[in-house]
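Trainee: Sequence first, then the predicted structure, then my questions.
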Amino acid sequence: MIEDTIDEKELAFLNELAKYEGKWVAIVNYGSDDEIVVGSGDDAIEAMREAEEKGFPDAALLKLHRFDRAYVPTLLNIKLELQSTFGS
């Protein structure tokens, strides 16, 4: 069953993510009640480097797109993002 309510902890995490709009973030404990942003940057490498420096080499990476627009991922979008992060 899908819950349609957001508890205070989830809302606090969503508010935390709002600080990183348009950035890559590294998150630990992704999908649990204890999610924490441990790195951020303009690209995935920068976010992961910050997470590793803080002792989190296995953090999950997530691109936070602008919140004022809908984003529908396509293979082309993913390919372009990977190229901009890792080169061609």
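Mentor: Right, received. Where do you want to start?

Trainee: from here on, contacts and neighbour counts on C-alpha atoms
Mentor: Fine.

Trainee: Where does P57 sit: helix, strand or coil?
Mentor: Taking DSSP: H, G, I helix; E, B strand; the rest coil as the rule, one finds P57 in the coil state.

Trainee: What count of nearby residues applies to it?
Mentor: Applying other Cα atoms under 10 Å, we find 14 residues neighbouring P57.

Trainee: which regions of the protein sit below the pLDDT cut-off?
Mentor: Within the chain, the stretches with pLDDT under 70 are 1-4, 69-80, 88.

Trainee: residue ranges of the strands in it, please?
Mentor: Using DSSP state E, the strands of the chain run over 24-28, 36-41, 60-63.

Trainee: Direction included, what does the second one pair up with?
Mentor: Pointing back at strand 36-41 there. Here strand 36-41 has these sheet partners by DSSP bridges: strand 24-28 (antiparallel).

Trainee: who touches the strand it pairs with?
Mentor: 35-44, 47-48, 51, 56, 58-64 (Cα atoms under 8 Å, 6 or more residues apart in numbering).

Trainee: Quick check on those residues: which are buried?
Mentor: The neighbour count (16 or more other Cα atoms under 10 Å) marks 36-41, 43-44, 47-48, 51, 56, 59-61, 63-64 as buried among the contacts of strand 24-28.

Trainee: Would you mind measuring from the residue most central in space within the chain to K23?
Mentor: Per Cα atoms, centre = their mean, the C-alpha nearest to the average position across the chain is that of L62, at 2.7 Å. In this view, L62 and K23 are 9 Å apart by Cα to Cα, to the nearest Å.
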